[in-house]
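*Asks:* Coordinates for the following, if possible.
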Amino acid sequence: MKYVDEFRDQKSCQLVVERILRQAQRRWTVMEVCGGQTHGLLRNGLVEALQEKVELLHGPGCPVCVTPAEVIDVAITLAKLPNCVLATFGDMVRVPGLTGSLANASSQGASIRTVYSPLDAITQAIQQPDRNVIFLAVGFETTIPATALAILQAREKKLNNFFVLTAHVRVAPAMRQIAMDVDSQVDAFLAAGHVCTITGMEDCQQLSRDFKLPIVVTGFEPLDLLLGIENCIEQLEKGQADSLNFYKRTATDEGNRNAQVLIKEVFEVVDRPWRGMGTVKEGGFALRASYRQFDAVEKFSKELAGLIENTEQQQNKANMNCRSGEVLSGKIRPHQCSHFGTTCTPQNPLGAPMVSSEGACAAYYLYARQSEFVDRKIETAS
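*Replies:* Alright, predicted model coming up:
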């Protein structure tokens, strides 16, 4: 299959691994931003294959993982309201908030439906005119155009029973916050190809200029990742710091203009809290004033009074139980958390990174249990 098989070819991957190990004159630290990249690296044995010369840190690139616990609590409250249905993606159902998860709430009678897209939630609102359908909107720039489209459809169809609980976030500001951290160990970034497919290269180029860091946009197959890492090492060894696109089969310099227009029409950029990372400046989106009638928090403000602002004691308790913030910012690896694989497992997660299909903790649990790396060949196409 074109654009898949050739990026999984084991011999090609091995050649690039050997080139990286020869080229690196010291051990460099590269952070991949996307959770899909994290799973690809671990699944194909690339972390251990390169560990002599490259330390791969795993960044905050999982939108499920960075959704704040208080947003989950708000979603639970909304799902329990009379005549309300909460629609969300399947990954969100088991993500813990401060008071439990949506799965717990569902077992207690809350009305929760899993959907594949926000347009499915529109369909539910049309089919159930006597019920309020609330879509829990999470995701990076890749998923927000679909949310914007759903809101535009709701306005066109004059739906007065469709609302959105917005938790959409922006990737580049989180990368900027990590780069600004005085304790950051990151020498270079692998940027998320699917995000740049929407946004284009401008944000990465600006970050690279501001922090003198190589930033290489890649896809998710093993050869994609290896070629991106190789370029990072090449730049670092030469003292260069450029932003380059190694995912041109999908991403372009200008990005998806239609999607950008759609996002700008419905949403505005705001400061937004990320789980474990605090408030990220310009780190998310909110509905523009002209679309605020679809804002679930405004619609149900009385029912949510006092809930969104959690007490400091609750927050501190959550932080003590889960070190997801350190994992998401690359300060520790998942297996360095004392809860990993013991009191925190995919069946009984303390934090979102152990729940999500793109979470770093879930990846380590699947592919690199505890601190021991297994001997695994690079996955090849069948």
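*Asks:* Quick check, pLDDT for Val374.
*Replies:* Looking at Val374, its pLDDT stands at 39.
*Asks:* can you check Pro96 too?
*Replies:* Looking at Pro96, the pLDDT reads 89.
*Asks:* That one - how many residues pack around it?
*Replies:* Pro96: 23 surrounding residues under other CB atoms under 10 Å. Any C-beta I mention is one placed from the backbone N, CA and C, and that applies to glycine too.
*Asks:* do the same with Val115
*Replies:* A count of neighbours around Val115, defined by other CB under 10 Å, yields 18.
*Asks:* Please verify my assumption that it contacts Ala121.
*Replies:* Yes - using CB atoms under 8 Å, Val115 makes contact with Ala121 at a distance of 5.5 Å.
*Asks:* if I look at the closest residue to Ala87 other than its chain neighbours, how far off is Lys158?
*Replies:* Closest residue to Ala87 in three dimensions, ignoring its sequence neighbours and counting by CB to CB, 6 or more residues apart in numbering: Ala121, at 4.0 Å. Separation of Ala121 from Lys158 (CB to CB, to the nearest Å): 16 Å.
*Asks:* between these two, which one's more packed in?
*Replies:* In this view Ala121 and Lys158 are compared by other CB under 10 Å, and Ala121 has more residues nearby, 27 against 6.
*Asks:* where along the stretch 1-150 of the chain do the helices fall?
*Replies:* Counting by DSSP state H, counting those that start in this stretch, the stretch 1-150 of the chain has helices at residues 10-23, 35-43, 46-50, 63-66, 69-79, 102-107, 118-127, 144-156.
*Asks:* Give me the buried stretch members for the first one, please.
*Replies:* Taking 16 or more other CB atoms under 10 Å as the neighbour-count basis, helix 10-23 is seen to contain the buried residues Ser12, Cys13, Val16, Val17, Ile20.
*Asks:* So which other helices or strands are in contact with that helix?
*Replies:* The contact analysis (3 or more CB pairs under 8 Å, 6 or more residues apart in numbering; DSSP states H and E) places helix 10-23 against helix 46-50, helix 222-238.
*Asks:* what's the nearest residue to the residue nearest the centre of the chain if we skip its chain neighbours?
*Replies:* A centroid search over the chain (CA atoms, centre = their mean) returns Cys62, at 2.0 Å, as the residue closest to the centre. Excluding its sequence neighbours, the residue lying closest to Cys62 (CB to CB, 6+ apart) is Gly35, at 3.6 Å.
*Asks:* So what's the residue count around that neighbour?
*Replies:* 28.
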